[in-house]
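Novice: any chance you can model this:
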Amino acid sequence: MQTSPNKKQLVIGNWKMNGSSAANAGLLRSLLPVISSLEGVEVALCPPFPYLSTVADLLDDSDVALGAQNLSTELTGAYTGEVGGTMLRDIGCRFVLVGHSERRALYGEDDACVAKKFATALQAGLIPVLCVGETLVQRQSGETQAIVTAQLNAVLNAVGFNDLVKGVIAYEPVWAIGTGETATPEQAQAVHRHIRQWLASQHRAAAADCRILYGGSVKADNAEQLFSQPDIDGGLIGGASLDAMSFAAICSAAQVKPTS
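Specialist: Purely as a prediction, here's the structure:
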C-alpha cells in the first residue's frame, strides 16, 4: 500500500535552537521568493519560541505555515517556563512537533508524555507532527518495527485512531539525525511502508491519506531520491532548513512525487 496521490507533500523546516532576528529575516528574504512558485507541496517552518511572532509576521503574505517545536502537556495554568498549545495557536501556529528524538533523549519525554502532548495539541486546534524512530542499537538489534509500533500505539491508545490520523507522522531514525548519516531510500521506505501498513490495519482509506514524513539528514542532493519513495510524503528537515538555497531545493524535490 502507498500514499494517496491526491494529497500535497509536506516539508517542515525545524530550526531547532538556532537563529537571530537578523538571521531569520535574511533567511526568509532569500527563501520565500524561491518557494512561492512551488506547486503540490506544503511548506512549514518551526523557529524557536522567541521568534515565533516575528517569523509569523514575515510569513504573513506567503503560503508558508508556522509551526512550533514543542508544547506543554497542559493548555494553561501555573507551569512556569512552559508554553501552551492555545498560545501557539493564538500567534498563528498551524503545526507543532511532538516527541522529537531530542526531546525524548535529552529531556526524558516518554511515550506517555508524547501521547499527552499529541492530545493537547489537537485540543488546542494544532496539527501535531508525531516523531517516531529507533536508535542505532535498536536498529542493529532488529527492533526498528517494534519500537516504532510501540510509539504509535501509545498515541493510538491515548486519542484513538480518528484523532491519530488528524496529525502527521514523521519517521526519524535517531542514528541519522545531525550525524550526516542518512537511511538509504530503501531503508526509509521500508519503515514508512511498515507505518502505512500499521495504519491500514486500523483503517485502509485513512492510511493512504495520512502524511508520513522522513527526517534524518535530508539534504538537497538526496531529497529527490528519498521523496520519490511510494510511502514518503515529504520531510522533516533540520540543519538544511537553515540554508535558503538548500531548503528551497529540498522543497522543490518534493514536487516530483510520482502519482502511480
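
Novice: Asn70 versus the residue lying farthest from the centre of the chain, what's the distance?
Specialist: Within the chain, the residue lying farthest from the chain centre (CA atoms, centre = their mean) is Ala78, at 28.8 Å. Taking CB to CB, to the nearest Å as the measure, Ala78 falls 19 Å from Asn70. C-beta: built from backbone N, CA, C; applies to glycine.

Novice: re the thing from before, distance of the residue farthest from the centre of the chain from Ser72?
Specialist: According to CB to CB, Ala78 stands 11 Å off from Ser72.

Novice: what's the answer for Gly234, then?
Specialist: According to CB to CB, Gly234 and Ser72 sit 27 Å apart.

Novice: okay, the two: which has more neighbours?
Specialist: Each of Gly234 and Ser72 has its neighbours counted (other CB atoms under 10 Å); Gly234 has more, 32 against 20.

Novice: the more buried one pairs with what?
Specialist: According to DSSP bridges, the partner residues bridging Gly234 are Leu10.

Novice: just say helix, strand or coil for the closest residue to Gly125 other than its chain neighbours.
Specialist: Excluding the flanking residues, the one nearest Gly125 by CB to CB, 6 or more residues apart in numbering is Arg89, at 4.9 Å. Three-state call for Arg89 (DSSP: H, G, I helix; E, B strand; the rest coil): helix.

Novice: ok, Arg89 touching Ala124?
Specialist: Yes: contact criterion CB atoms under 8 Å: Arg89 and Ala124 qualify, at 5.1 Å.

Novice: give me the more crowded residue out of the two.
Specialist: Using other CB under 10 Å as the criterion, Arg89 and Ala124 rank with Ala124 on top: 21 against 17.

Novice: got a list of what the more buried one touches?
Specialist: Leu71, Leu75, Gly84, Gly85, Thr86, Leu88, Arg89 (CB atoms under 8 Å, 6 or more residues apart in numbering).

Novice: next, the buried residues of the helix or strand harbouring the fifth one.
Specialist: Under the assignment given by DSSP states H and E, the secondary-structure element containing Thr86 is helix 85-90. Counting neighbours by 16 or more other CB atoms under 10 Å, one finds that the buried residues in helix 85-90 are Gly85, Thr86, Met87, Leu88, Arg89.

Novice: and the strands in this structure?
Specialist: 9-14, 41-46, 65-68, 93-98, 127-132, 168-171, 212-214, 234-237 (DSSP state E).

Novice: and those: which comes nearest Leu59?
Specialist: With distances scored as CB to CB, the stretch of the strands of the chain nearest to Leu59 is strand 65-68 (6.0 Å).

Novice: now for the closest one, which elements pack on it?
Specialist: strand 41-46, helix 52-58, strand 93-98 (3 or more CB pairs under 8 Å, 6 or more residues apart in numbering; DSSP states H and E).
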